[in-house]
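Visitor: Starting from these lines, generate the structure:
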Amino acid sequence: MPWWFWILLWIALIALSLLLHVTLGFRLFRKFMATVRELGEAGKRFSNISPTTETSDVDATSERSVPGSAVFASPEQMRHDYLTAKAFRQEVRRQRRVQRKAERGQPQSLHDIEFR
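Guide: The predicted structure is shown next:
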């Protein structure tokens, strides 16, 4: 084969290699920009969260028993108070879970939305 054939073959291989690298670079750039855009949207969405964090599920305005009153209360009363508070906390967590899933567009659990 003539020498110019080998030169053309090498030029074609280099051109195809450059084309492949440019294509991969373009795709990588587009994916990077999409990631940056999504991070910006997430930053805007989560920047609206109030700076005060809740430390308890129980409202601060609700009536609280006097400290030390549990010592003199009956076991039935303490059990009732405990189960009532537990049910309240579970309901608050369930409501937050339903709200969070609704905001994210995730499917709801039938147990959470009380479908029976």
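
Visitor: Closest to the centroid, which residue in this structure?
Guide: residue 104 (7.8 Å; Cα atoms, centre = their mean).

Visitor: where does this structure dip in pLDDT?
Guide: Low-confidence segments of the chain (pLDDT under 70): 49-64, 115-116.

Visitor: could you pull out the helices for it?
Guide: Per DSSP state H, the chain carries helices over the ranges 3-46, 75-104.

Visitor: for those helices, which one sits closest to residue 113?
Guide: Of all these, helix 75-104 sits nearest to residue 113, with 6.5 Å by Cβ to Cβ. C-beta: built from backbone N, CA, C; applies to glycine.

Visitor: Could you count how many residues lie near residue 92?
Guide: Here the number of neighbours of residue 92 (other Cβ atoms under 10 Å) works out to 15.

Visitor: swap in residue 101?
Guide: So residue 101, with other Cβ under 10 Å, has 15 neighbours.

Visitor: Quick one: residues contacting it.
Guide: 107, 108, 112 (Cβ atoms under 8 Å, 6 or more residues apart in numbering).

Visitor: and if we set it to 6 Å?
Guide: residue 108 (Cβ atoms under 6 Å, 6 or more residues apart in numbering).

Visitor: Tell me how far it lies from residue 111.
Guide: 12 Å (Cβ to Cβ, to the nearest Å).

Visitor: Ok, residue 16 next?
Guide: Counting by Cβ to Cβ - residue 16 and residue 111 are separated by 57 Å.

Visitor: Equivalent analysis for residue 90, please.
Guide: Taken as Cβ to Cβ, the span from residue 90 to residue 111 is 12 Å.

Visitor: How about residue 24?
Guide: With Cβ to Cβ as the criterion, residue 24 and residue 111 are 47 Å apart.
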